[in-house]
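[1] turn this into a model:
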Amino acid sequence: MPTHPALVHVPLGLAFAVPIVALALLLALWRGAVSRRSFAIVLLMQALLVGGALLALRAGEREGARVARIVPDAALEEHEERAECFVWTAAAVLGGFAAILVVPRRAAVPLAAVVTAGAFAAAGLAFATGKAGGELVYQYGAARAYGGGATTAALRGSPAP
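    Here you go, the predicted structure:
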């Protein structure tokens, strides 16, 4: 069984949770209700996101040759490129969350606003990456590389090719 599909759910889920938590912390920081140290929470979440995304990326690279026999090269490359863009953006956001903890206090709120916007951008890239991965499975039948799996025909009730 492939490990890539199992691993991608951690970073994808966190990619949607982090910006919401970061926005709540940004508002609380702006109002003076929390200190910038509270951003250690999203720093940890983002570190888990980046670590999980790197593991998923490596697993995808390992398993890509097997899937490449079934799906169009362009579709596979699009998914890979989106994933790499997502990982690099998520890593930059991770650095931004770390910086919030060490910049001068007066710079914390503006930096937190920029980094939170970056977290929302990373969520958009996560969505695009997941969409491209879903197309590989459901439109092009990538799961067949592992002896079966969902295809468009199977989802309609017809036998898979």
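[2] other residues contacting stretch 98-116?
    For stretch 98-116, the external contacting residues (Cβ atoms under 8 Å, 6 or more residues apart in numbering) are 19, 22-23, 25-26, 29-30, 36-37, 39-40, 43, 93, 96-97. No exception for glycine: its C-beta is placed from N, CA and C like everyone else's.
[3] ok, now which ones touch residue 41?
    Residue 41 sits next to 21, 25 when contact means Cβ under 8 Å, 6+ apart.
[4] and it, helix, strand or coil?
    At residue 41 the chain is in helix, as set by DSSP: H, G, I helix; E, B strand; the rest coil.
[5] how far away is it from residue 47?
    11 Å (Cβ to Cβ, to the nearest Å).
[6] next: residue 36.
    17 Å.
[7] more crowded one of the two?
    Shown here are residue 36 and residue 47; by other Cβ atoms under 10 Å, residue 36 has more neighbours (19 against 16).
[8] please state the backbone phi and psi of the more buried one?
    phi -70, psi -20 (degrees, to the nearest 10).
[9] so what's residue 85 closest to, chain neighbours aside?
    Residue nearest to residue 85 in three dimensions, not counting chain neighbours: residue 125, with 5.6 Å by Cβ to Cβ, 6 or more residues apart in numbering.
[10] what about that neighbour, how many neighbours?
    Around residue 125 there are 19 residues (other Cβ under 10 Å).
[11] what mean pLDDT does the helix or strand that contains residue 124 get?
    Following DSSP states H and E, one finds residue 124 within helix 105-138. For helix 105-138, mean pLDDT rounds to 97.
[12] okay, buried residues for it please.
    Buried residues in helix 105-138, counted by 16 or more other Cβ atoms under 10 Å: 108-109, 111-112, 115-123, 125-126, 128-130, 132-133, 136-138.
[13] pLDDT value on the closest residue to residue 66 other than its chain neighbours, please?
    Distances taken as Cβ to Cβ, 6+ apart put residue 145 closest to residue 66, at 4.6 Å, once the chain neighbours are dropped. Per-residue confidence (pLDDT) for residue 145: 90.
[14] worst-scoring helix or strand of this protein, pLDDT-wise?
    None of the helices or strands of the chain scores lower by mean pLDDT, DSSP states H and E than helix 152-155, at a mean of 45.
[15] quick one: pLDDT of residue 2?
    Confidence at residue 2, expressed as pLDDT, is 87.
[16] excluding its backbone neighbours, what's nearest it?
    Closest residue to residue 2 in three dimensions, ignoring its sequence neighbours and counting by Cβ to Cβ, 6+ apart: residue 63, at 5.0 Å.
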